[in-house]
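Participant: The following comprises the amino acid sequence and a computationally predicted model.
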Amino acid sequence: MKALMTICAAAIALAVPAGALAHDGTGIRHHFGWSHHHSAQFAKLIGTGTSFGGTSATASGTVAGTNVLATGTFSASLNTNVSAATTKTSDRGTLSCAPATATITVTGATAADTASSPLTGKTCAWTKTDGTVVRAFFGKGTVTGAGRLAALTGSTGRAFLLQKADGTVTGAVFAGRHDSDGLTTFGAREHDAAHTTGDCDHQKTA
């Protein structure tokens, strides 16, 4: 029996890539699908949308991320209180930000695997001195998940959507554990998006 167990252990060691043999077992769990992959999800968003410059807008497209959201789709609806916008002008351009809400739903490759969140945040428009306009929404809220994403229910979700003048939309979503590598990746992308829109992360809304 001892010999059989030794043989089995050796077989597992040969089957698992060296990089998967993390000292805490995390690598092995990921290799065999045993990880807590429901506990955190990160996905990039790519699509198109109606203009973020009005009181309401929509966007949709595809996702590319981790685990359940390695492939899939997203849809978003956005409402902005444009009458409450605050504006700041500098030698680089004009930044206008207004309180906004949005609902973003992401779906994995399987239609039953969904996560949705009503988000509260702001929509900003950055008008450069050359007349180019970039708009973005930034927000966070509580997630409701279903299927293999059900474990995300009750967690905090964060998202941003960046829209260029031609209507193309890029962005990212994150939900789950605060110690996840996905959160670090999301934070870096969110910071870059804020910088692209005139450092709107420093702009307050009413």
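Facilitator: Ah, there it is. Since the structure is predicted, the reported quantities are computational estimates derived from the model, not experimental observations.

Participant: rest of the way, CA atoms for contacts and neighbours
Facilitator: Noted.

Participant: State the mean pLDDT of stretch 85-94.
Facilitator: In this model, stretch 85-94 has an average pLDDT of 90.

Participant: List the residues that contact the residue nearest the centre of the chain.
Facilitator: For the chain, V173 is the residue whose C-alpha lies nearest the centre (C-alpha atoms, centre = their mean; 1.0 Å). V173 is in contact with Q41, F42, A43, K44, L45, G157, R158, A159, F160, F186, counting by C-alpha atoms under 8 Å, 6 or more residues apart in numbering.

Participant: Just the residues contacting the stretch of helix or strand the fourth one belongs to, thanks.
Facilitator: Per DSSP states H and E, K44 falls inside strand 40-49. When contacts are defined by C-alpha under 8 Å, 6+ apart, strand 40-49 is touched by residues 57-70, 74, 152, 161, 163, 167-177, 180, 182-183, 186.

Participant: Whichever helix or strand comes after that strand pairs with which strands, and in what direction?
Facilitator: Where DSSP H and E defines the elements, the next helix or strand beyond strand 40-49 is strand 56-65. Strands adjacent to strand 56-65 in the sheet, as given by DSSP bridges, are strand 40-49 (antiparallel), strand 72-80 (antiparallel).

Participant: deepest of those strands, which one?
Facilitator: Counting by mean count of other C-alpha atoms under 10 Å, strand 40-49 has the highest mean neighbour count of those, with a mean of 23.

Participant: With that, I have no additional questions.
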